[in-house]
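Chemist: structure for the following, please:
(chains A, B, C and D)
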2 protein chains.
Amino acid sequence: MPRPSLAVMTAVTRETSLGIRQVSEETGLSIDTLRWYEREGLLPLVERSTDGRRRYPPGALRFIRLVQALRRTGMPVADVRAFIEAGGGELANHAGRLALLERQCAAIEQRLAELRDDLAVVQAKIGSYHHLIAHGLNCEDDVPEDVLDQLRDDGLLAGLLPPAPA
Amino acid sequence: MPRPSLAVMTAVTRETSLGIRQVSEETGLSIDTLRWYEREGLLPLVERSTDGRRRYPPGALRFIRLVQALRRTGMPVADVRAFIEAGGGELANHAGRLALLERQCAAIEQRLAELRDDLAVVQAKIGSYHHLIAHGLNCEDDVPEDVLDQLRDDGLLAGLLPPAPA
DNA sequence: CCTTGCGCTGGAGTGCACTCCAGCTCCTAG
DNA sequence: CTAGGAGCTGGAGTGCACTCCAGCGCAAGG
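Modeler: Below is the predicted model of the structure:
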């Protein structure tokens, strides 16, 4: 049981709060990353126990998951910080934060669409390999020219062989 | 019309082939990136015109789009190279390439799921802001304690305010 | 002829997001 | 008391994927 001594913990941190290791395991972020995020201002509110160790209240966990969602969906660290700090200018209020989130939302949807397209490309390629293998082709095989031409017409050979000779 | 002189082009490259600039514009990859990919072995078959400039046959375009799909879906450059070269060992044949693509396919689907989850997290947060604003809250407002408690119970305040005082 | 523009090469430089490390404190177990 | 283990700090280091650059050649326009 590596649980920290309850004796040294303040009322606030008693029982409910998590150590950095737990948070790391819960979120999948490395301990170093958690500390680095904090230094960089992505995780502003980390309390400490009396011996100086970080204690994360359960709410922090939810907050970290939001940060994680933003990061994983491609928002640069600087923008996440801007969102968190929301210190002045456009982001001084909830409406500003809301706008930022909505922009990110749109970006995510775009990314989803792109990812689906890319998936389709890869799947098409997989289909082309199945096609080739179904024809009994493998790298070293000699292929009859007519079969080859047919495949070429299907656009199945792109990148597999040099283009049709001129 | 910055079209290269047809006089110097070989039979193979006549008319149909593209210059690096066109390819860049078609694919969205920068010219530098195209050259770098080639050096790194992600684009093996680039022909040259008589004056040494790259000429991309139309098939290359399709090929580049596959590479792009793999990269954008998170496959490291080294793995793309492994796929392209398919020089020996596991990847010496179509079945090997197929396996690699299918692994990537699974990875993409996982990424899609993750992205959808992250989208949900962001949308939930957006919802919470709407909720807050619907209650007429903004940063500097003084909020009656009972409203605050209710919101807190809803889990809407994570990251917006310090956690409930002990 | 000269200039302008595109492309070429090899190599150096950049930006981002971590990741690692030395040297320290504190706590607990033996 | 001692040793071991977790966490702390500030700062340096790393890996990846480009991105930029100097110095060059070729070709078309004026």
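Chemist: can I assume A:Cys105 is in contact with B:Val121?
Modeler: No. Applying C-beta atoms under 8 Å, one finds A:Cys105 not in contact with B:Val121, separated by 10.5 Å. The C-beta positions use only the backbone N, C-alpha and C, and glycine is treated the same way.
Chemist: quick check on these two: which one has the bigger neighbour count.
Modeler: Counting neighbours by other C-beta atoms under 10 Å in any protein chain shown for A:Cys105 and for B:Val121 shows that B:Val121 has the greater number, 19 against 16.
Chemist: and the host helix or strand of the more buried one with chain A, contact?
Modeler: Assigned by DSSP states H and E, B:Val121 belongs to helix B:94-134. Yes. Applying C-beta under 8 Å from any C-beta of the partner chain, one finds that helix B:94-134 is in contact with chain A at B:94-95, B:97-98, B:101-102, B:104-105, B:108-109, B:111-112, B:114-119, B:121-123, B:125-126, B:129-130, B:132-133.
Chemist: now the angle between helix A:94-134 and that helix, please.
Modeler: For helix B:94-134 against helix A:94-134, the angle by axes from the mean of the first three to the mean of the last three C-alpha atoms, to 10 degrees is 160 degrees.
Chemist: coming back round to it: buried subset of the residues of helix B:94-134 next to chain A, written for PyMOL?
Modeler: A single PyMOL command selects the buried members of those (16 or more other C-beta atoms under 10 Å in any protein chain shown):
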select buried, chain B and resi 94+97+98+101+104+105+108+111+112+115+118+119+121+122+125+126+129+132
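Chemist: next, the buried residues of stretch A:71-89.
Modeler: Residues of stretch A:71-89 classed as buried by neighbour count (16+ other C-beta under 10 Å): A:71, A:73, A:75, A:80-84, A:86.
Chemist: same question for that stretch, mean pLDDT?
Modeler: The pLDDT scores in stretch A:71-89 average 86.
Chemist: point out where chain A drops to low pLDDT.
Modeler: Applying pLDDT under 70 to chain A flags residues A:1-15, A:87-93, A:136-166.
Chemist: which parts of it are strands?
Modeler: Using DSSP state E, the strands of chain A run over A:47-48, A:54-55.
Chemist: out of those, which is the most enclosed?
Modeler: Greatest average neighbour count among the strands of chain A goes to strand A:54-55 (a mean of 22), per mean count of other C-beta atoms under 10 Å in any protein chain shown.
Chemist: close to DNA strand D, is it?
Modeler: Yes. Using C-beta under 7 Å from any atom of the strand, a contact is recorded between strand A:54-55 and DNA strand D, made by A:Arg54.
Chemist: can you give the strand pairings for that strand, parallel or anti for each?
Modeler: strand A:47-48 (antiparallel) (DSSP bridges).
Chemist: quick one, what contacts A:Leu43?
Modeler: Contacts for A:Leu43 were tallied using C-beta atoms under 8 Å, 6 or more residues apart in numbering or on different chains; they are A:34, A:37, A:60, A:63-64, A:67, A:84.
Chemist: how about TSV for these, with distance to B:Thr27 added?
Modeler: Converted to TSV, those look like this (distance: C-beta to C-beta, whole Å):
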residue	distance to B:Thr27
A:Leu34	38
A:Tyr37	35
A:Ala60	43
A:Phe63	39
A:Ile64	37
A:Val67	33
A:Ile84	36
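Chemist: narrow these to those in helices?
Modeler: A:34, A:37, A:60, A:63-64, A:67, A:84 (DSSP state H).
Chemist: quick check: end-to-end length of stretch A:47-54?
Modeler: Counting by C-alpha to C-alpha, to the nearest Å, you get 6 Å between the two ends of stretch A:47-54.
Chemist: an error on my part: the question was meant for stretch A:41-58.
Modeler: 19 Å.
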